[in-house]
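1. Model the following, please.
(one chain, ligands or ions: 1)
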Amino acid sequence: MTTLLNDTMPAGGRKGGTGETLAIRGGRPLSGRVEVKGAKNLVTKAMVASLLGDTASILHDVPVISDVAVVRSLLEVHGVRVDDGHDQGTLVLDPRDVESAHMEEIDAHAGASRIPILFCGPLLHRLGEAFIPDLGGCRIGDRPIDFHLDALRKFGAVVEKLPSGIRLSAPRGLHGANITLPYPSVGATEQVLLTAVRARGVTELKGAAIEPEIMDLIAVLQKMGAIISYEPNRVLLIEGVDKLSGYEHRAIFDRNEAASWASAALATGGEIFVGGAKQQEMLTFLNVVRKVGGDFDIREDGILFRRGGDLRAVTVETDVHPGFMTDWQQPLIVALTQATGESIVHETVYENRFGFTDALVKMGADITVHPQGLQDGLRRVPRRSLEQAAIITGPTKLTAADITVPDLRGGYSHVIAALTARGESTVRNVGIISRGYEKFFDKLDSLGADFDIVG
Ligand code: EPZ
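-> Predicted structure coming up:
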């Protein structure tokens, strides 16, 4: 388990342990200003894209989070030279000496990350082979990689299953392909983009994900020399080119982190200015904030979120972009425990993403999870068989508890729930939060959270 690598705490000597366990005294509104940097879900992919260039790339606004550290070490294992730039948050990635790495080495550096799967296309182009160890990531469902492997086969890759993972090779190089994704998977779309840009011929991808982070990855690839057009109805056309160069790019802001702090303001009744947040990429989230009775003020340099008055129940359905992101529902649900009435959250992206609510129930929340989704009148038009729903009845007073963080977004919610609850909670396994939230303890501290690091 990674400890919090990115904090400068302590203010007031609070850092008493490894950063895995917090004692949190709740009941105080969180108020103040936090800055969000580049999106984890773009930055890590843009770092992988640097493998495709024949010169160095420069990436700005890189957050200090452990997922970035994992990708950095995976790139280094493959011979990429990664240096910190002159400005804080800038990385220089030089792929001129790329080389193969052993499966065990990749495995040792990959940690819990799923990122190694995205190395396949670039490494097949550069070296003719790639290895993927058994993949980790947050435990929020099966998270298979079938879309990725099917797409790679269509490009001409040979996939070989080994006891410790998967070996891919491209004896005759990779060629363009016609690919239709069964679901607009973010990772599989990135896989196709990172592979098609250097494949011989044209690739047509139907059913592509169109998240803002994907559009930003397309911008990165275009800067490198790729030819990618975005057609109507989730179709991407990629014309393969022989050569790509390095890029210089400032990453899109992290809208997941922005939405998390917004929900923290709603849950605790505080007022948080999220520097770097932008309206366009958050339209769907902002609509929900308004419907739930929250208030926001869009400014040049960020968005101010506050609880407008009493919170009201809402119905929300997670979906692919431009829908309500699955990563936004966990912090929002903490706020919904404080809303009057019955809220419903339908989760349609992952099949197991309400596990974190057990801890909220332990703290006094009234939440019922329907693992098969809701039937009859309450059921939305079914789109995926893995749909589940949570009904949150509020408002309920949360009380302190001893809880253990299960995954990244669920973990953030646990901390916010503890900050909303009366009394002193113990929140364990918080190190995982550093996968996606930069300077998490510092930010909590600057917002006036009352906590100690006790283990
Ligand atoms: C990305 O995961 C993000 N991770 C996730 O963020 C995010 O929740 C998700 O996209 C949806 O927006 C990163 O970018 C690193 P998917 P990804 O492929 O790419 C199924 C966070 O907390 N599927 O769009 O892995 C899959 O099981 C994380 O920041 C297959 O069936 O998501 C899921 O049900 C968590 N076969 C659905 O598609 C496949 O081969 C969507 O997954 C691939 C996916």
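
2. how close does the spatially most distant residue from the centre of the chain sit to Pro122?
-> Most distant residue from the mean C-alpha position of the chain: Arg172, 34.8 Å away (Cα atoms, centre = their mean). Look at Arg172 and Pro122: by Cβ to Cβ, to the nearest Å, they are 18 Å apart. Using the backbone N, CA and C atoms, a C-beta is placed for each residue, glycine as well.

3. For the chain, which residues are neighbours of the ligand?
-> 40-41, 114, 138, 141-148, 183, 185-188, 209, 256, 325-327, 349-350, 408-409, 436 (Cβ under 6 Å from any ligand atom).

4. can you list the domains in the chain?
-> Annotated domains of the chain cover 21-36+253-453, 40-250 [automatic domain parsing].

5. Below-threshold pLDDT in this structure: ranges please.
-> Across the chain, the ranges flagged by pLDDT under 70 are 1-17, 135-143, 376-386.

6. where along the stretch 201-350 of the chain do the strands fall?
-> Taking DSSP state E, counting those that start in this stretch as the criterion, the stretch 201-350 of the chain contains strands spanning 202-206, 227-231, 235-239, 248-250, 271-275, 294-299, 302-307, 315-317, 341-347.

7. Tabulate these (a markdown table), appending mean neighbour count.
-> Output for the strands of the stretch 201-350 of the chain, formatted as a markdown table (neighbours: other Cβ atoms under 10 Å):
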| stretch | mean neighbour count |
| --- | --- |
| strand 202-206 | 19 |
| strand 227-231 | 13 |
| strand 235-239 | 18 |
| strand 248-250 | 17 |
| strand 271-275 | 22 |
| strand 294-299 | 16 |
| strand 302-307 | 21 |
| strand 315-317 | 19 |
| strand 341-347 | 21 |
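
8. Could you export those as CSV, including distance to Ala101?
-> What follows is the strands of the stretch 201-350 of the chain, written out as CSV (distance: least, Cβ to Cβ, whole Å):
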stretch, distance to Ala101
strand 202-206, 27
strand 227-231, 28
strand 235-239, 27
strand 248-250, 25
strand 271-275, 38
strand 294-299, 45
strand 302-307, 40
strand 315-317, 41
strand 341-347, 36
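
9. mind checking which of those is nearest Glu76?
-> strand 248-250 (20.2 Å; Cβ to Cβ).

10. neighbouring contacts of the closest one?
-> Applying Cβ atoms under 8 Å, 6 or more residues apart in numbering, the contact partners of strand 248-250 are 38, 46, 57-61, 216, 219-220, 223.

11. Which ones among the residues you listed map onto helices?
-> Using DSSP state H, the members of those that fall within helices are 46, 216, 219-220, 223.

12. Counting neighbours, which of these comes out on top?
-> Ala46 (26 neighbours; other Cβ atoms under 10 Å).

13. my guess is it contacts Leu221, does it?
-> No - assessed by Cβ atoms under 8 Å, Ala46 is found out of contact with Leu221, at 9.1 Å.

14. So what's the residue count around Pro322?
-> Neighbourhood size, Pro322 [other Cβ under 10 Å]: 12.
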